[in-house]
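Colleague: Quick one, structure for this:
(one chain, ligands or ions: 1)
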Amino acid sequence: MSLNEYRGVWVFAEQNDGRLRRVSLELLGKGRELADRLRVDLVAILLGEDAGKLCTELIDYGADKVLWADDPELRCYRTDTYTKIIASQIMEHKPEILLVGATYVGRDLAPRIARRLGTGLSADCTSLDIDEETRLLQQTCPAFGGNLMVTILTPKERPQMATVQPGVMQPLQKSTRKGEIISIPADIEHKDMRVSRLRVIEETRRGIGLEQAERIVSGGMGIGSVENFKMLGKLAELLGAEVGATRNAVEAGWASSDRMIGQTGKTVRPTLYIACGISGAIQHIVGMKDSELTIAISKDPKAPIFQIADYGIVADLHQLIPLLIQELLRYKGAR
Ligand SMILES: Cc1cc2nc3c(=O)[nH]c(=O)nc-3n(C[C@H](O)[C@H](O)[C@H](O)COP(=O)(O)OP(=O)(O)OC[C@H]3O[C@@H](n4cnc5c(N)ncnc54)[C@H](O)[C@@H]3O)c2cc1C
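Modeller: Below you'll find the predicted structure:
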């Protein structure tokens with residue numbers, strides 16, 4: 001493989017039923033920076049039906065070019081067809097970098113493309129940088145069970161591939177830019193359609209999504225039980241906050257998986273994050289470290305969460321949370 005043949009930064013533009021996922025715009029923001037530093041084009045690759053409007057949106061958010069395959073069969077994600085079309089476009093155009101959102105779709109698609117092309121893939125990156133001289137993408141993500149942050153390079157294969165969770169990167173301001181929309185063949189054969197969508201069950205959501213929440217009260221194993229988690233919900237309600245959770249608390253069945261914050265869960269940026277009974281493992285921290293103000297409550301004064309918290313309270317939650325609720329109720333009653 002001659003690495004010099006590979007030029008350009010690509011972003012997989014994920015859409016579902018004609019709506020772009022925000023993470024694709026976030027990746028275009030990062031992709032724009034990488035492409036400018038490498039002095040190459042930023043290309044979005046979009047698969048979907050009647051998606052002309054989405055192509056324009058991708059250009060408005062930073063793409064120089066959009067490669068678009070238009071077919072009713074591509075309206076929603078299909079593992080085999082999406083993998084085949086994108087992999088064959090990569091073989092033809094040879095981009096040096098491909099960025100994919102770490103969504104359910106991206107986590108299915110990216111490893112398949114990487115395997116087909118025989119290249120590497122870094123999953124759940126929390127930051128990306130470029131060495132302009134060597135053109136190597138520096139892909140930073142938690143590794144070895146999350147106890148370390150590592151920076152991975154792909155020196156011998158192309159494209160250099162990374163997935164990034166929603167919320168980690170920021171989109172550019174929308175602006176009216178000029179770009180090129182290029183039609184690519186959908187090239188779908190019956191044998192590619194081993195998986196088909198029978199029906200869609202919409203997830204019923206309470207409250208707004210965690211990613212949009214201004215305030216989050218989050219609970220970990222220190223909360224102790226599902227009943228105590230309900231108490232956390234009461235505190236959140238009084239503060240106008242959403243409830244978040246660590247992975248362990250979700251696995252214990254105390255909170256639903258859409259509440260999980262961290263490497264495997266959501267990335268959040270609220271103005272206020274109250275961490276209750278959370279030790280502060282790196283896999284949790286990567287999902288909430290950009291909160292404006294963090295207050296941590298744990299009975300362990302050595303808990304790593306205190307290292308990143310703006311305010312730390314060493315206390316037993318079972319005593320403190322009822323007191324906080326009582327005080328908030330009194331404050332609200334007095335108004
Ligand atoms: C590949 C991988 C991905 C992962 N992804 C995620 C992820 O996305 N999100 C995530 O959160 N985790 C994730 N994890 C798990 C992560 O490593 C930690 O195990 C987890 O975050 C710890 O959860 P916790 O803080 O709730 O529990 P613990 O680490 O057990 O901490 C509980 C804390 O509560 C305190 N406490 C106990 N009782 C009380 C009390 N009565 N009052 C006050 N404080 C009390 C304890 O002192 C402690 O500080 C992942 C792990 C791996 C290997």
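Colleague: can we go C-alpha only for contacts and neighbour counts from here?
Modeller: OK.
Colleague: How much space separates Thr83 from Pro111?
Modeller: 10 Å (C-alpha to C-alpha, to the nearest Å).
Colleague: Okay, helices next: where are they in the protein?
Modeller: For the chain, helices defined by DSSP state H occupy the ranges 22-38, 52-60, 79-93, 104-117, 226-239, 247-251, 282-288, 305-308, 317-334.
Colleague: could you check whether the shortest one is close to the ligand?
Modeller: It stands for helix 305-308. No. For helix 305-308, no contact with the ligand is found by C-alpha under 6 Å from any ligand atom; the gap never falls below 7.8 Å.
Colleague: Could you pull out the buried residues of that helix?
Modeller: Ile305, Phe306 (16 or more other C-alpha atoms under 10 Å).
Colleague: which helices and strands does that helix pack with?
Modeller: Counting contacts by 3 or more C-alpha pairs under 8 Å, 6 or more residues apart in numbering; DSSP states H and E, helix 305-308 packs against strand 293-298.
Colleague: angle of the strand it packs on against helix 317-334?
Modeller: 130 degrees (axes from the mean of the first three to the mean of the last three C-alpha atoms, to 10 degrees).
Colleague: Identify the residues contacting Leu3.
Modeller: Going by C-alpha atoms under 8 Å, 6 or more residues apart in numbering, Leu3 touches Lys156, Glu157, Arg158.
Colleague: I'd like those laid out as TSV, including distance to the ligand and neighbour count.
Modeller: Shown next, in TSV, are the contacts of Leu3 (distance: C-alpha to the nearest ligand atom, whole Å; neighbours: other C-alpha atoms under 10 Å):
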residue	distance to the ligand	neighbour count
Lys156	26	13
Glu157	25	17
Arg158	26	26
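Colleague: got the contact list for stretch 220-229?
Modeller: 219, 245-246, 248-249, 253-255, 275-279, 298, 317-318.
Colleague: try 6 Å this time
Modeller: The contact list for stretch 220-229, computed with C-alpha atoms under 6 Å, 6 or more residues apart in numbering, reads Ala245, Thr246, Ala249, Trp254, Gly277, Ile278.
Colleague: Same check on stretch 124-134?
Modeller: Leu136, Leu137, Gln138, Gln139, Thr140, Cys141, Thr163, Val164, Gln165.
Colleague: quick one: which of the residues you listed is nearest Thr294?
Modeller: Gln165 (21.1 Å; C-alpha to C-alpha).
Colleague: residues near that closest one, how many?
Modeller: When neighbours are counted by other C-alpha atoms under 10 Å, Gln165 registers 26.
Colleague: any idea of the pLDDT on it?
Modeller: If you check Gln165, the pLDDT there is 89.
Colleague: The ligand versus that one, what's the distance?
Modeller: 11 Å (C-alpha to the nearest ligand atom, to the nearest Å).
Colleague: That residue touches Ala102, doesn't it?
Modeller: Yes. Applying C-alpha atoms under 6 Å, one finds Gln165 in contact with Ala102, separated by 4.5 Å.
Colleague: which residues touch the nearest residue in space to Arg269 that is not next to it in sequence?
Modeller: Distances taken as C-alpha to C-alpha, 6 or more residues apart in numbering put Ser291 closest to Arg269, at 4.5 Å, once the chain neighbours are dropped. Shown in contact with Ser291 (C-alpha under 6 Å, 6+ apart): Arg269, Pro270, Thr271.
Colleague: which residues touch Leu235?
Modeller: Ile325.
Colleague: swap in Ala13?
Modeller: So Ala13 contacts Ser24, Ala44, Ile45, Leu46 (C-alpha under 6 Å, 6+ apart).
Colleague: quick one: which of those is nearest Ile285?
Modeller: The closest of these, once distances to Ile285 are taken by C-alpha to C-alpha, is Ser24, at 23.0 Å.
Colleague: can you tell me how far the closest one sits from the ligand?
Modeller: 21 Å.
Colleague: Can you get me a residue count around that residue?
Modeller: Neighbours of Ser24 using other C-alpha under 10 Å come to 25.
Colleague: Good, we can wrap up now.
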